[in-house]
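Asks: Have a look; sequence and predicted model below, questions after that.
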Amino acid sequence: MFVGLSMAEICSSYPTSGGLYYWSAKLAGPSWAPFASWITGWFNVIGQWAVTTSVDFSLAQLIQVMILLGSGGKNGGGYEASKYVVMAMHGGILFSHAILNSLPISLLSFLGQFAAAWNVLGVFLLMILIPTVATERASAKFVFTNFNTDNGDGIHNKVYIFVLGLLMSQYTLTGYDASALMTEETKNADVNGPKGIISAIGISLLAGWCYLLGITFAVTDIPHLLDSDNDAGGYAIAQIFYDAFKSRYGSGTGAIVCLGIIAVAVYFCGMSSLTSNSRMAYAFSRDGAMPFSQFWHKVNRHEVPINAVWASSLIAFCMALTSLGSLVAFQAMTSIATIGLYIAYALPSLFRVTLARNSFVPGPFNLGRYGVIVGWIAVLWVATISVLFSLPVAYPITDQTLNYTPVAVGGLLILVVSSWIFSARHWFKGPITNIDSSSNEDVYHYVILDS
C-alpha cells in the first residue's frame, strides 16, 4: 500500500500513459532523465511481459487440472495433459486475450468492470462455500498460528517460512500500475488514475485476505495437498476443493465448478495484464526506446495500439516456451514478474524523495508532508523484498532447488545497463514531450480519449 500511495501521488502529478518511466524522467531532472527513464521503462515492460506469461500459463495449468479432475482424477485414470498440450492452451488463451484487447476501449472498459464484479462476488462465494461444504475444518489456532515446518524442503525456521510466504502475496499485488498506463484513455486522469491504483490494492487486500482465510479453514492435511500423487496431481487449491465436495457429496463436480469461478477470474486478470503490457510497450516505443518503435506505436481507428497488443501476446508466448525445457528456467524467468516490476515501481519514488525532493509539484491527489516519508518506506520495502526473494527456497541447494531469481534479475539489469552504455546513451533522449504535427508521421503525440 505504501508503494501504491507513493505511485498514486506521482501519477496525479504526471498523468500520462508512459507511466513509470515518464515519471522517472521528470523526477530525475534533465541530466539523469534519459538513463532514469531507460532503466525504469525496460524493467517495467519486461516485468509486464513476464506477468502476462505467468498469468496465462497458470490459467492453462488450472484448466489442465480441471480436465484431470473432471475425467476421474489422477487416481481414477483421469486425463493428464502433456506439457505440449498445456503450452497449446497457453497459446490459445493469449490469442483470445489479443482479440479482446483489439476491441475499442469502451468494450474493454465494460469487460474490466465485469471482471471486477466477478472477482469480488466469486471471492466471497468461495470463502463461505468451501469451509461450509468441508466435513473437516481446521481450528482457528491452526489457521492463525501453524507453520508448515515439516515441509520436505529442509526449511524449519518459522521466520524464514513467513518471509518466503510473502512472495505469493507480493506477486499477486502487482499490475496496479495499469491505472497509470491507461491515464491517456481515462477522464480526469489526475484524480481517477491515483484512485484506480489505491482501490486496486485496497480491494485486493480485503478480498484476497478473506478468501485465503476461508480456504485455510478447509485445510487439515498439508502433506496430502502437496502430494503429487493426489487426485489433482499436487495442485493444492484444487485438491482442497475436491476433498471438500467429495467427502460431503461423494462427487467432486462442485469442486470443478468452483475452480471454474477462479479460472474466469484468472482469465480476466490475463486480459488486463495484456492491456497494461501493450500500453506500456506503445508508450515506450512512441519515445523511440524499443527496436522497431515505428511498428509498435501505431494505433488503429479505435486508437488501440494494435501492433503492441499482438506483439506483446507473441512475446508472452515465447517466454513460456522455456517451460518445455525446464520448469526451473521458466520459474526463474517469471520471477522478474515480481522483483523486476517492483524495482520499476520503486525507481520513480526513489527519484521523488532524492533528486526531486524540493522540486516536486503535487497534483490534486497528494500526501502532503507525508509524501517523502511514504516514498522512503516504499523504496526500502522494495529493496528488502528484492533480497528476501533471492534467498534459497529449499535445502540442500542443488541445480533444481537453487533460487535463480538473482540470476534472472541480475541478468536483466546487466543487459539494460549494458545496452545503455554501449548504445542508447548516444541516441535516447528520454520521453518526448507533447508535440502534435499532422504533417509528419514520425512525430509522436499524446491522444487524450474521453472514455
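Replies: Perfect, I can see it now.
Asks: Tell me the first helix or strand C-terminal of the helix or strand of the chain with the lowest mean pLDDT.
Replies: Least confident helix or strand, the chain: helix 178-181 with a mean of 68, by mean pLDDT, DSSP states H and E. Using DSSP states H and E, the helix or strand that follows helix 178-181 in sequence is helix 189-216.
Asks: model confidence over that next one, on average?
Replies: For helix 189-216, mean pLDDT is 87.
Asks: That helix: which residues count as buried?
Replies: 189-201, 204, 207, 211-212, 214-216 (16 or more other CB atoms under 10 Å). Backbone N, C-alpha and C define where each C-beta goes, glycine included.
Asks: Any regions of this structure where pLDDT drops low?
Replies: 17-18, 180-188, 433-451 (pLDDT under 70).
Asks: what do you get if the cut-off is 50, keeping everything else the same?
Replies: 434-451 (pLDDT under 50).
Asks: Quick one: residues contacting Ser58.
Replies: Val266 (CB atoms under 8 Å, 6 or more residues apart in numbering).
Asks: again, but for Ala255
Replies: 69, 238, 241-242, 244-246.
Asks: which residue packs closest to it, ignoring adjacent ones?
Replies: Phe241 (3.7 Å; CB to CB, 6 or more residues apart in numbering).
Asks: buried stuff in the strand or helix carrying that neighbour?
Replies: Using DSSP H and E, Phe241 sits within helix 236-249. With burial defined by 16+ other CB under 10 Å, the residues of helix 236-249 counted as buried are 237-246.
Asks: now, among those residues, which is nearest to Ile261?
Replies: Phe241 (10.0 Å; CB to CB).
Asks: check contacts around the closest one.
Replies: Counted by CB under 8 Å, 6+ apart, Phe241 has contacts 130, 252, 254-255, 258-259.
Asks: before we move on, what SS does Thr398 have?
Replies: Taking DSSP: H, G, I helix; E, B strand; the rest coil as the rule, one finds Thr398 in the coil state.
Asks: residue ranges of the strands in the stretch 1-150 of the chain, please?
Replies: Taking DSSP state E, counting those that start in this stretch, the stretch 1-150 of the chain contains no strands at all.
Asks: what ranges do the helices span in it?
Replies: 2-13, 19-70, 83-100, 105-133, 140-145 (DSSP state H, counting those that start in this stretch).
Asks: quick one: contacts of the first one?
Replies: By CB under 8 Å, 6+ apart, the surrounding residues in contact with helix 2-13 are 19-20, 23, 27, 176-177, 179-180, 183, 190-191, 193-195, 197-198, 200-201, 342, 345-346, 348-349, 352, 360-367, 371, 374-375, 377-378, 381-382.
Asks: how far away is Phe95 from Ala178?
Replies: 21 Å (CB to CB, to the nearest Å).
Asks: Pick out whichever of the two has more residues nearby.
Replies: Ala178 (23 against 13; other CB atoms under 10 Å).
Asks: got the contact list for that one?
Replies: By CB under 8 Å, 6+ apart, the neighbours of Ala178 are 196, 200, 272, 275-276, 279.
Asks: what secondary structure does Ala356 sit in?
Replies: From three-state DSSP, the assignment for Ala356 is coil.
Asks: Based on its surroundings, how many neighbours for it?
Replies: 21.
Asks: try the one 3 residues further on
Replies: The number of residues packed around Ser359, counting by other CB under 10 Å, is 10.
Asks: returning to what we had before: and the buried residues of helix 236-249 as JSON lines, adding distance to Phe147?
Replies: Formatted as JSON lines, the buried residues of helix 236-249 follow (distance: CB to CB, whole Å):
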{"residue": "Ile237", "distance to Phe147": "19"}
{"residue": "Ala238", "distance to Phe147": "23"}
{"residue": "Gln239", "distance to Phe147": "20"}
{"residue": "Ile240", "distance to Phe147": "18"}
{"residue": "Phe241", "distance to Phe147": "23"}
{"residue": "Tyr242", "distance to Phe147": "25"}
{"residue": "Asp243", "distance to Phe147": "22"}
{"residue": "Ala244", "distance to Phe147": "23"}
{"residue": "Phe245", "distance to Phe147": "28"}
{"residue": "Lys246", "distance to Phe147": "28"}
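Asks: Phe162 and Asn148 touch, don't they?
Replies: No: using CB atoms under 8 Å, Phe162 makes no contact with Asn148, being 10.9 Å away.
Asks: Overlap in contacts, these two.
Replies: In contact with both Phe162 and Asn148: no residue, using CB under 8 Å, 6+ apart.
Asks: From the neighbour counts alone, determine which of those two ranks first.
Replies: Asn148 (16 against 10).
Asks: do you know how far the closest residue to the more buried one other than its chain neighbours is from Val382?
Replies: Closest residue to Asn148 apart from its sequence neighbours, by CB to CB, 6+ apart: Ile222 at 5.3 Å. Separation of Ile222 from Val382 (CB to CB) stands at 31 Å.
Asks: Between those two, which has more neighbouring residues?
Replies: Between Ile222 and Val382, counted using other CB under 10 Å, the more crowded position is Val382 (22 against 14).
Asks: So for Val133, what's the nearest residue that isn't a sequence neighbour?
Replies: Here the residue nearest Val133, using CB to CB, 6+ apart, is Ala244, at 4.7 Å.
Asks: Check Asn101 too.
Replies: Counting by CB to CB, 6+ apart, the residue nearest Asn101 is Val309, at 4.5 Å.
Asks: The one you found: neighbouring residues, count only.
Replies: For Val309, using other CB under 10 Å, the count is 25.
Asks: Touching, it and Leu100? I think so.
Replies: No: using CB under 8 Å, Val309 is not in contact with Leu100, being 9.3 Å away.
Asks: distance of the residue nearest to Asn148 from Asp150?
Replies: 8 Å.
Asks: Equivalent analysis for Ser24, please.
Replies: For Ser24 relative to Asp150 (CB to CB), the value is 45 Å.
Asks: Between the two, which is the more surrounded one?
Replies: Neighbour comparison, Ser24 and Asp150: the larger count goes to Ser24, with 33 against 9 (by other CB under 10 Å).
Asks: OK, contacts around the more buried one?
Replies: With CB under 8 Å, 6+ apart, Ser24 has these contacts: 33, 36-37, 39-41, 347-348, 351.
Asks: For His297, state which of those is nearest.
Replies: Gly41 (13.4 Å).
Asks: Surely the closest one touches Arg286?
Replies: No: counting by CB under 8 Å, Gly41 does not reach Arg286; the two are 11.1 Å apart.
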